[in-house]
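Q: show me how the following folds:
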Amino acid sequence: MIDFRNKPETATGVPHVHLDAPSEPDGKPVMVPAPFTDGLYMFVSARGDSLTDGVVGRGEGTKLVLSWTGDGYEDEEKEAVATFHETVEMHDGHMDFDPDDWGFDDEWSVFIRIPATPVTEDAYGTGNCNLVEIIPYSGLHVIIPAAGDGYYNVDLSTAVAVPDEGNGFWDYDPWEDEFTPTAGGADFQLFDFQLSDLYLVRNMICSSRMGYWELDAYKVEPIYARWQFGLRCNRANAASRGAATIGGHYTCFRESTE
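A: Residues are numbered from 1 along each chain as shown. The predicted structure is shown next:
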């Protein structure tokens, strides 16, 4: 809260403002950078989440590391894709590699992949959704809510939220992971197809002679439940260059770190 009452003014008549908040002895306010949603906890890992018998293993899933054995038969491009089974807020990341094994011709990217929401047919016309084709004959559909008279069913516990502010058919609470059907004008869509990958980092070269790259971002980006977080690397002329490894870790904020 800002208190404007009975405050002295500058020479030009502008009132001095004092924040009702912690401050230093000389009056400077104490600022703490907190780019994440209140109530979340910092979480650092080189892995995504696992899901076993419905139990989420945070930081126990796919490792964000790529390796080439140098046996002469490997593809130049590889990727590791991790899944977050709960909504997280991504902040920054770090990459490591041996500079003797990598160079300016090698590129790596970090991307977000939004999988399709699975649906099943309802032969009796009693389903909770219908499919509307986005482009004729494309086979790509937006999933529209139905009130027990639809020809498809969607299990909302496996649905994948796609932001579409003001144009969607579903309200979504990312922290409760709950969907609410609407007649339109909502902020999220559900699609029965995988979207094109979205990039946080794209085609960075392995040029550092120290063998690392680090980003210290000042804001966070939401990654919703069941979205995927991927590392992709193209190792030029991999078949003839021998063994090599590249990998990294991320910092995010989430409701639970257990």
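Q: report pLDDT for residue 21.
A: In the predicted model, residue 21 carries a pLDDT score of 73.
Q: buried residues in stretch 121-128?
A: 122, 127-128 (16 or more other C-beta atoms under 10 Å). Placement of C-beta: from N, CA and C, glycine included.
Q: which stretches of the stretch 101-250 of the chain form strands?
A: 107-113, 119-121, 127-133, 141-150, 152-154, 162-173, 178-189, 198-205, 212-215, 221-223, 228-234, 244-254 (DSSP state E, counting those that start in this stretch).
Q: tell me which residues are up against the fourth one.
A: Going back to what we said before, that points to strand 141-150. 117, 119, 122, 125-134, 152, 154, 169-170, 181-182, 189-193 (C-beta atoms under 8 Å, 6 or more residues apart in numbering).
Q: could I get the average pLDDT for it?
A: Summarised as a single mean, pLDDT over strand 141-150 is 97.
Q: flag the shaky bits of the stretch 51-200 of the chain, pLDDT-wise.
A: Residues of the stretch 51-200 of the chain meeting the criterion pLDDT under 70: none.
Q: thinking again about what came up before, restricted to buried residues, select the contacts of strand 141-150 in ChimeraX.
A: Buried members of the contacts of strand 141-150, defined by 16+ other C-beta under 10 Å, are picked up in ChimeraX with:
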select :117,119,122,127,128,129,130,131,152,154,169,170,181,189,190,191,192
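Q: which non-adjacent residue is nearest residue 108?
A: Distance criterion C-beta to C-beta, 6 or more residues apart in numbering; nearest residue to residue 108, sequence neighbours excluded, is residue 233 at 4.2 Å.
Q: most centrally placed residue in the protein?
A: Nearest residue to the geometric centre of the chain (C-alpha atoms, centre = their mean): residue 223, 2.8 Å.
Q: surely it meets residue 252?
A: Yes - the pair residue 223 / residue 252 is scored as a contact, 7.4 Å apart, by C-beta atoms under 8 Å.
Q: between the two, what contacts are shared?
A: Common neighbours of residue 223 and residue 252, counting by C-beta under 8 Å, 6+ apart, are 88-90.
Q: which one of the residues you listed is nearest to residue 61?
A: residue 88 (12.6 Å; C-beta to C-beta).
Q: now do that closest one: how many residues are near it, please.
A: Residue crowding around residue 88 was assessed by other C-beta atoms under 10 Å; the count is 27.
Q: repeat that for the one 3 residues further on.
A: Counted with other C-beta under 10 Å, the burial measure for residue 91 works out to 21 neighbours.
Q: over to residue 113?
A: Counted with other C-beta under 10 Å, residue 113 comes out at 17.
Q: got a list of what it touches?
A: Contacts of residue 113 by C-beta under 8 Å, 6+ apart are 81, 194-195, 197-198, 227-230.
Q: ok, those vs residue 44, which is closest?
A: So of these, ranked by how close each gets to residue 44 (C-beta to C-beta), first place is residue 229, at 13.5 Å.
Q: for the closest one, list each beta-bridge partner.
A: On the basis of DSSP bridges, residue 229 is bridged to residue 82, residue 112.
Q: quick one: contacts for it?
A: Applying C-beta under 8 Å, 6+ apart, we find residue 229 in contact with 48, 64, 81-84, 90, 110-113, 223, 250.
Q: over to residue 186?
A: 166, 168-171.
Q: repeat for residue 163
A: Here residue 163 is in contact with 187-188 (C-beta under 8 Å, 6+ apart).
Q: how close does it get to residue 258?
A: Residue 163 sits 28 Å away from residue 258, taking C-beta to C-beta, to the nearest Å as the criterion.
Q: do the same with residue 219
A: 26 Å.
Q: kindly report the same for residue 40.
A: From residue 40 to residue 258 the distance is 14 Å (C-beta to C-beta).
Q: neighbour-wise, which of those two wins?
A: The residue with more neighbours, out of residue 40 and residue 258, is residue 40; 19 against 6, by other C-beta under 10 Å.
Q: quick check: the more buried one touching residue 89?
A: Yes - counting by C-beta under 8 Å, residue 40 does reach residue 89; the two are 6.4 Å apart.
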